[in-house]
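**Student:** the following block contains a protein sequence and its predicted model.
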Amino acid sequence: MITARAAASFEPVGRSVAVARAFVRDTLHGWGFADVVDDAVVLTSELVTNAVVHAGTAADVQCLRYETAVRVEVADHYPDREIPIQGRGRQFRDPDNEGGRGLLLCAALASRWGVEYTGAGKHVWFQLDLPERPAGTRSAGPVLPAADLPLTDESVRVAVVQVDRMGSITRWNDDAAELFGHPAADVVGKPLADLTAWPQTPGTGIGLAEALLHSRWEGTYGLRDADGRVLPVYGSHLRVRDSEGEPSTVILLVRADERAVLQTPSRGSGSAESGLGQRGKTTDAFEVFIGSPAPDDLDSLLQRTVERARDMLDGDAAYLLLATDDETELEVRASTGLPSARQRFARVPVEAGTGRYGSARMPAVHEDLTAVPGAVPLLSGTGMRSVVTVPLKVEGRLTGSLGVAAEAPGRYNNQEALRLQFAADRIALAVESARLTELERLRRGSLSFLVEASDLLAGTLERDQTLALMAQMTVPTLASWCAVYTIAEQSEPELAFVLHEDEDRIDGIKALLSQVRPPEPDPTPGARMWTAPSDAAHSSALRASLRSLGVGARSAPSSSTPNAATPTSGKGGRAPSAPGVALATAAAVGGETVVLPLVARNRVIGMLTLGKPADERFRQEILELAEDLSRRAALALDNARLYSERTAISQALQRSLLPPELPHIPGVEVEVIYRAAGEGNEVGGDFYDLFPIRDGCWGFAIGDVCGTGPEAAAVTGLARHALRLLAREGFGGPAVLERLNAAILDEGARSRFLTLLYGELWPQHDGSAVLRMVCAGHPLPLRLRPDGTVEPAADPQPLLGVMDDLELYEQTVSLDPGDVLLCVTDGVTERREGTRMLGDDGLADVLSTCTGLTAGAVAARIQRAVERFASDAPSDDMAILSMRVPKKSE
């Protein structure tokens, strides 16, 4: 009789084999069939491999639960594939041959197995009988004295949380509110991920989203309480569905040190029988784990290792450290039963002392740590009394260290050390292989990250945008929060940008850092620790808490750290912070904080500060990646600084080449529109001027110097100031331009040819205006009459800066009331789109529609026509000078 059923389908891709193994493992664990999990996973792996790899089809896996057995069926959609048959008197083919190996394993491990064909495919199934147990017993442990029972609080709280298929919280019981301080009304409807501090490194292990999809999952992670602190918890997840088929996940949570309340007994150790396996073999919990298919990623493998090691030696805690490349330090990569601060990436030296037990290269047993304080720094303050540690070695090279600890003294001896060493020897090669695989994956990811970062940084020359990009690339990929300090020449570091993965924390961190003395600008490469933010945050949180309790802030102990927060001057001094905000800020910056110098062109131009939340540390690979990023960011920031300085200089020079304001001319309307092309980093060659010469006479000019940049700017400045000087000395238009031409030619190789329209404007008493003009190679000025007629107002003459001897002449034009004189540069007439060009005729057509408009309206219409002529932005400088004699009635 079938009592339960679970099914899943897997695509014909290589990773489906690992997913199928996890599906069967979690399903059987959920049913309480831990004794047959390993055999079932091995057989499923082989059969699914046959389907998705060899047959190249999807695989359907179905688990059936019976009262005394479990049956697993694997179906593919390729019924024509040969199935090896074991006839009477025949043996299977060579076991080393890939073909039929799954069936060979079925015959060796399964109680019963078989193959069934259908029209759409074939089913290979196997059945594993369950060991007999006393009636009603799923698992049982030995009777223990009270002193050896797991330690819990007087009132054990089990939080019950339910999340829907999208990961949002739908149920939050009273125990959850008591444990974490969040009322149900505040969290229901929010994503569980907002509260979770998941222990796995992104990209290298199972994530929260994946854990919620498993039929059953158990493990340790963290949940943030109402104050923002991470509380280590042990969780048991069960995937269920309601009557309408909608899936959700029920999560039971207890404090990590009370994991015994929820933890599923390990295979073998919790058996009510004598410990004999299915075929009469004595099993050990850790040996069973080693014999099963190993997890596919390093984090899962290490976590499984420490949990099995702890269970094997009946310990209260276990930890595994991996050696650095130079074998001088060990880094904590997995732990169970220890505070979260000890869980990840803490480092201890390999050689901690002179004695035998002072080196991680040799097994060690400490019967009572209180007798040798500091012998195992990782366990200081944890309450652990006895510990056994063994090295992990591959080909004689130290690759890590595995330790199991207990709260009771004298728990371990050399016998347990030998058992643990035997297990460590079996797992060392698998751990090293997984570590190298993860390292290669991280290096590839780091290379991709740096390439993308370089592209983004190279794509902007704006200082503020560069600062923002630096922070956004580090948060949350490398750190939880980031601050960028900039250093101008001969000045103190200045806080320029702050970012946190939670936007609500940015203002608090910014306020905190503004009260902390900035780190010293040390040019030494590499990351260095900086404790000032954490010290200041905890001091501020303590003061806020005392203030909320009515205790004077003076009773709060002051920080002894030299770089701790110092009071800031201002109105009313430091503003009091609410305890909740202060505690949240302290939690946000309470972890490890590092500072990396931003060095460009042998000068420290800033500092990149990266931080982790409380109880979290950086792994060495992340710090190395951050150092590479800081070098690229420093050059990008310095380039942005140089660009900003150059732009400021160019804009100041550009402004100096143009008149500060237009003079008022009685009886004549004047309007000028000037637009420099590009991003403002080049000084344009177009210019204009309008200035008084003498009473009743004004000079005007509009010109275009060949090219852009400093050389063009020099000629522009020369032309504008020479025009004013010569005109005010009483020279007429031709004489002014001839002398300007000689001055330009005197510049030699630095000279640039110049087109110029220069004239004198004489307003008349009858309301008209007389203009005397010389057009030296410039686009001709256009005259618009009130009836819409447009005509050139001057004749073309040679441009300046090319020939020595110029013979220029002056032309006189009278503007009657209502007439408009329009002067432009070639940026207007040469506006293009494809093969089309606005040209002189197009400009005349636009001007003919401007009758009755003021000088300002005429200039604006011309500008709008130029911009709309093509879809892309103008690529040349543009100057428009419009002069109009108003009618007497206006």
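**Tutor:** It's in. Only a predicted model underlies this, so the values are computations on that prediction, with no experimental measurement involved.

**Student:** which residue is nearest the middle of the protein?
**Tutor:** Thr477 (3.8 Å; Cα atoms, centre = their mean).

**Student:** quick one: residues contacting it.
**Tutor:** Applying Cβ atoms under 8 Å, 6 or more residues apart in numbering, we find Thr477 in contact with Phe449. Heads up, the C-betas are built off the backbone N, CA and C, glycines and all.

**Student:** how far away is it from Leu442?
**Tutor:** Note on Thr477: its distance to Leu442, by Cβ to Cβ, to the nearest Å, is 12 Å.

**Student:** now do Glu711
**Tutor:** Taking Cβ to Cβ, one finds Glu711 at 51 Å from Leu442.

**Student:** ditto for Ala59
**Tutor:** 31 Å.

**Student:** any buried residues in the longest strand along the chain, and which?
**Tutor:** Of all segments of type strand in the chain, defined using DSSP state E, the longest is strand 230-241. Going by neighbour count (16 or more other Cβ atoms under 10 Å), the buried part of strand 230-241 is Val230, Leu231, Pro232, Val233, Tyr234, Gly235, Ser236, His237, Leu238, Arg239.

**Student:** helix or strand next in line after that strand, which one?
**Tutor:** strand 247-255 (DSSP states H and E).

**Student:** run the angle between that following strand and strand 230-241 for me.
**Tutor:** 150 degrees (axes from the mean of the first three to the mean of the last three Cα atoms, to 10 degrees).

**Student:** can you point out the buried residues in strand 247-255?
**Tutor:** If you call a residue buried by 16+ other Cβ under 10 Å, then strand 247-255 has these buried ones: Ser248, Thr249, Ile251, Leu252, Leu253, Val254, Arg255.

**Student:** just say helix, strand or coil for Ser45.
**Tutor:** Three-state call for Ser45 (DSSP: H, G, I helix; E, B strand; the rest coil): helix.

**Student:** I figured it was touching Ala22, is that so?
**Tutor:** No - assessed by Cβ atoms under 8 Å, Ser45 is found out of contact with Ala22, at 10.5 Å.

**Student:** wait, a strand at the residue nearest to the centre of the chain?
**Tutor:** No - membership of Thr477 in a strand is not supported by three-state DSSP, which gives coil.

**Student:** could you check how far it is from Val484?
**Tutor:** In terms of Cβ to Cβ, Thr477 sits 16 Å off from Val484.

**Student:** repeat for Val365
**Tutor:** For Val365 relative to Val484 (Cβ to Cβ), the value is 49 Å.

**Student:** more neighbours, the two?
**Tutor:** Val484 (23 against 18; other Cβ atoms under 10 Å).

**Student:** please identify the helix or strand for the more buried one.
**Tutor:** Using DSSP H and E, Val484 falls in strand 481-486.

**Student:** who touches that strand?
**Tutor:** So strand 481-486 is contacted by 467, 470-471, 474-475, 493-501, 505, 509, 513, 518-519, 588-589, 605-611, 637 (Cβ under 8 Å, 6+ apart).

**Student:** recalculate using a threshold of 7 Å.
**Tutor:** For strand 481-486, the external contacting residues (Cβ atoms under 7 Å, 6 or more residues apart in numbering) are 467, 470-471, 474-475, 493-500, 509, 513, 518, 588-589, 605-611.

**Student:** keeping just the C-alphas, turn that strand into PDB.
**Tutor:** Extracted as PDB, the C-alpha positions of strand 481-486 are listed here (Å, rounded to 0.1, in the frame of the first residue of the first chain):
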ATOM      1  CA  TRP A 481      28.100  49.300   2.800                       C
ATOM      2  CA  CYS A 482      30.700  51.500   1.200                       C
ATOM      3  CA  ALA A 483      32.100  55.000   1.800                       C
ATOM      4  CA  VAL A 484      34.400  57.000  -0.500                       C
ATOM      5  CA  TYR A 485      36.700  59.700   0.800                       C
ATOM      6  CA  THR A 486      38.400  62.100  -1.600                       C
END
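
**Student:** who does it pair up with?
**Tutor:** strand 494-500 (antiparallel), strand 603-611 (antiparallel) (DSSP bridges).

**Student:** adding mean pLDDT and mean neighbour count, write the ones you listed out as a markdown table.
**Tutor:** Shown next, in a markdown table, are those (pLDDT from 0 to 100; neighbours: other Cβ atoms under 10 Å):
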| stretch | mean pLDDT | mean neighbour count |
| --- | --- | --- |
| strand 494-500 | 91 | 19 |
| strand 603-611 | 91 | 23 |
